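1. With the input below, show me the fold.
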Amino acid sequence: MPKVTVDGIEVEVPAGSNVLQACEAAGKEIPRFCYHERLSVAGNCRMCLVEIEKAPPKPFASCAYPVNDGMVVHTDTPMVKAARRGVMEFLLINHPLDCPICDQGGECDLQDQAVGYGGDHSRYHEAKRAVVNPDLGPLVKTIMTRCIHCTRCIRFSTEIAGVPEMGATARGESMAVGTYIEKALSSELSGNLIDICPVGALTSKPYAFVARPWELKKTDSIDVLDAVGANIRVDTRGAEVLRILPRLNEDVNEEWLGDKSRFALDGLKRRRLDTPWVRQNGKLVRTSWPEAFAAIEAKLAGVAGDRVGAVAGDLCDAESMLALKDVMASLGSHNLDCRQDGASLDASRRDFYCFNTSIAAIEEADALLIVGSNPRHEAPLINARIRKRVLAGKFPVGLIGAEADLTYKVAHLGTSAADLAGLLEGTHEFAATLHNAKRPMIIVGLGALRGDDGAAVLAACWKLASATGMLTSEWHGFNVLHTAAARVGALDLGFATGKKLAQMMNGGVEVLWLLGADEFDTSKISSNTFVIYQGHHGDRGAARADVILPGSAYTEKNGTYVSTEGRVQRGELAVFPPGEAKEDWKILRAFSAMIQKPLPYDTIEALRVRLEQVNPIFATLDVLPRFGCGDLTGPAGDATALSSTPFLPVVANYYMTDPISRASATMAACTEAHAPAHAVAAE
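-> From the prediction side, this is the model:
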């Protein structure tokens, strides 16, 4: 590796590094606007100028200049300082003088670097130019007069998001950045343009002028609106969540975040349940906690344990699901289900239902087969990681399922489970691609597991993985892509025993406890079934309930969540629940005490000890060890009983998949803006 001396500090950097990276390795801060670690080098802002010995006597753009062994770099000479001041003066020629009222104030790279590296006056007195602000949809606000043409947004749209809608038109003073045809951005990652824009030309439309950054309390948490487990920061003021931003985690979401996870936060304050309700004479009426518990206790009196069941929803934390499981056990019931979509998941072994390759290891794979999934809508961050691997080269991707634009080239192999037969028999040409790959992987989506042949599809995919070298002692290429943040944690806790949801709905139980379960047709629940709904939004479950217990949303409690790859992470309480709503496990603990069967824990710490007793996996946080497959025995199911019924998309509308996003006015605006695309997806 070449050795470089930066301001007298010698560092060793990987071959192919640029001078800016060498300076960073030496601990020297280099100002930049166009350079971004995850984007291609543009070299057009010229702010990162340095001086290099034994080179022509001029400043060099460090982001675009490769290192050589023995290179000597100076970052703080008079020439460098003067060059940076000149560049900053030039960048500010047309910049509006609106820092005091700018919605980027306090978080603006241009503002910070103008103070640190700019001058105290300008020699330009000509009239400033003005640029028309294009409408990019409900999420991204534009003030393009501020734009300095760093092209970060263009490169992100093209390279990371894979939706090349942003670009520059005209030249010189007439140059303008925007969409070539004015329309709403169609990428599910468009909110990241706000984060990477260094000057406030692109800002958050819902958050504009809502708060200043120094007013906000910042809380680290985990996103639960899909199953990726993206690391987020929840910004609050008082009792209100004002903003959600991504946190850096190289193994999960890098520094990106999906639009739904970022912008659906206004749904946290709409259609909320903030007091208990009990149905009397066919109508729901407000009541108190003791009266709500008494109504449940009265209904449970004399009901056999086998006639009681519980369903866990998609946004539940592990603590509340375990508390509900323990309450059901105290009532003599083992009728538990977390599969609202009816997916055939084998919970007998953890690698039968997890994303075993891990998200980060997608970059190590060399072939991919997607079965019954659309990662772009089900997990945009995983889709971005797949695209990153595709761009690296030599990564063929095959798809069995509904055709879709996944932002990268895909070989469409069929639409149904029957198309797996050719791959299993080795007669399909893509079978040779999988056989010849050193580290192939398969992603099985819930769209392939929801049908009557779901168990057969799961078994067939495992068999295919075993036959094509995906399962070795060093590599585990079998992956199930979930869409629900609670699903893997529920399966880890054994929340899939006894009667299934369909049986419980059709009169299999007399009392049905719904823990935030809204993603099925609750109108089909037998009219003779007494329904208890515990959740935070007045959604489908609450509409059918006989008793409503107001719970807390994910930003309002300390909770443990397990991502689709099996990573155990914890979110923290950012604000308190509204009104009389309580944390879910506390509701269940209080109810257990009322029926004289108290749960053996009074604090969340004691409950988490119980979590570890039920499954030791909950003792290891934020760590996902790499593992291979030591047992090739597959999940239960007849791998030959494959139907020709086409797989249907799991997500018809990316912007509305849960009670929070369905209550969000911002997500409703996105749905309206992209209505034609959603209509096509539904078909």
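
2. C-alpha only now, for contacts and for neighbours.
-> Fine.

3. ok, D135 to V614 distance?
-> 52 Å (Cα to Cα, to the nearest Å).

4. again, but for E297
-> On the measure of Cα to Cα, E297 and V614 end up 27 Å apart.

5. Pull the number of nearby residues for V132.
-> By the criterion of other Cα atoms under 10 Å, V132 has 12 neighbours.

6. contacting residues around it?
-> 144-145 (Cα atoms under 8 Å, 6 or more residues apart in numbering).

7. can we see that at 6 Å?
-> Contacts for V132 (Cα atoms under 6 Å, 6 or more residues apart in numbering) come out as none.

8. C153 now?
-> L193.

9. what about the nearest residue to G414 once chain neighbours are set aside, how many neighbours?
-> Of all residues not flanking G414 in the chain, I400 sits nearest, at 4.8 Å (Cα to Cα, 6 or more residues apart in numbering). Summarising burial for I400: neighbours were counted as other Cα under 10 Å, giving 24.

10. pLDDT value on the nearest residue to A365 once chain neighbours are set aside, please?
-> With sequence-adjacent residues excluded and distances taken as Cα to Cα, 6+ apart, A365 is closest to R439, at 5.0 Å. pLDDT for R439: 96.

11. next one: A211
-> If you check A211, the pLDDT there is 94.

12. Give the burial count for it, as a bare number.
-> Residues near A211, counting by other Cα under 10 Å, number 14.

13. Tell me the spacing between it and V410.
-> On the measure of Cα to Cα, A211 and V410 end up 43 Å apart.

14. rewinding a little: backbone phi and psi for the residue nearest to G414, please?
-> Note on I400: its backbone torsions stand at phi -110, psi 110 [degrees, to the nearest 10].

15. Could you tell me which residues make contact with it?
-> Neighbouring residues of I400 by Cα under 6 Å, 6+ apart: 371, 413-415.

16. beta partners for it?
-> Using DSSP bridges, the bridge partners assigned to I400 are V371, G414.

17. Just the CA coordinates for stretch 308-321, please, in PDB.
-> Output in PDB follows, covering the C-alpha atoms of stretch 308-321 (Å, rounded to 0.1, in the frame of the first residue of the first chain):
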ATOM      1  CA  VAL A 308     -59.100 -18.300  23.300                       C
ATOM      2  CA  GLY A 309     -56.600 -17.000  20.700                       C
ATOM      3  CA  ALA A 310     -54.200 -14.200  20.000                       C
ATOM      4  CA  VAL A 311     -52.700 -12.600  16.900                       C
ATOM      5  CA  ALA A 312     -49.600 -10.400  16.900                       C
ATOM      6  CA  GLY A 313     -49.400  -7.500  14.400                       C
ATOM      7  CA  ASP A 314     -46.600  -6.400  12.100                       C
ATOM      8  CA  LEU A 315     -45.300  -3.500  14.300                       C
ATOM      9  CA  CYS A 316     -45.200  -5.200  17.700                       C
ATOM     10  CA  ASP A 317     -42.100  -5.300  19.900                       C
ATOM     11  CA  ALA A 318     -40.800  -8.600  21.300                       C
ATOM     12  CA  GLU A 319     -41.600  -7.500  24.900                       C
ATOM     13  CA  SER A 320     -45.300  -7.100  24.200                       C
ATOM     14  CA  MET A 321     -45.600 -10.300  22.200                       C
END
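
18. Could you list the residues in contact with that stretch?
-> 333, 335-338, 484-486, 509-517, 559-561, 584-585.

19. Now do it: distance to the chain's middle.
-> Here stretch 308-321 is found 20 Å from its chain centre; the criterion is Cα atoms, centre = their mean, to the nearest Å.

20. and if you look at stretch 119-126?
-> For stretch 119-126, the distance to the chain centre is 45 Å (Cα atoms, centre = their mean).

21. Doesn't G309 belong to a strand?
-> Yes - counting by DSSP: H, G, I helix; E, B strand; the rest coil, G309 is found in a strand.

22. gap between it and A437?
-> For G309, the distance to A437 - Cα to Cα - is 46 Å.

23. Tell me the secondary structure at A22.
-> Assignment for A22 (three-state DSSP): helix.

24. okay, it: pLDDT?
-> Looking at A22, the pLDDT reads 95.

25. repeat for I181
-> So I181 comes in at 88 (pLDDT).

26. if I pick L621, what's in contact with it?
-> By Cα under 6 Å, 6+ apart, L621 lies in contact with 568-569.

27. Next up, phi/psi of it, please.
-> phi -100, psi 140.

28. Enumerate the strands of the stretch 1-150 of the chain by residue range, in sequence order.
-> 3-6, 9-12, 49-52, 60-61, 71-74, 140-142 (DSSP state E, counting those that start in this stretch).

29. So what does the residue nearest to L257 when sequence neighbours are not counted look like in phi/psi?
-> In space, and not counting its chain neighbours, L257 is closest to P246: 5.6 Å by Cα to Cα, 6+ apart. For P246, the backbone dihedrals (degrees, to the nearest 10) come out as phi -80, psi 150.

30. Now do P246 against E612, distance only.
-> 28 Å.

31. Of those two, give the one with the bigger neighbour count.
-> Neighbour count, other Cα under 10 Å: between P246 and E612, P246 has more, with 24 against 14.

32. beta partners of the closest residue to Y65 other than its chain neighbours?
-> Computed as Cα to Cα, 6+ apart, the closest residue to Y65 that is not its neighbour in sequence is N18, at 5.4 Å. Beta bridges link N18 to P66, judged by DSSP bridges.

33. Run through the residues that contact N18.
-> 63, 65-67.

34. Return the member of those nearest to S221.
-> C63 (33.6 Å; Cα to Cα).

35. Was I right to think that closest one contacts L20?
-> Yes - between C63 and L20 there is a contact at 5.1 Å, judged by Cα atoms under 6 Å.

36. so where's the chain shaky on pLDDT?
-> The model of the chain has pLDDT under 70 over residues 676-683.

37. Go again with 80.
-> Residues of the chain meeting the criterion pLDDT under 80: 675-683.

38. Check the secondary structure at R233 for me.
-> With three-state DSSP as the basis, R233 sits in strand.

39. which residues pair with it across the strands?
-> Here R233, judged by DSSP bridges, has bridge partners D220, L245.
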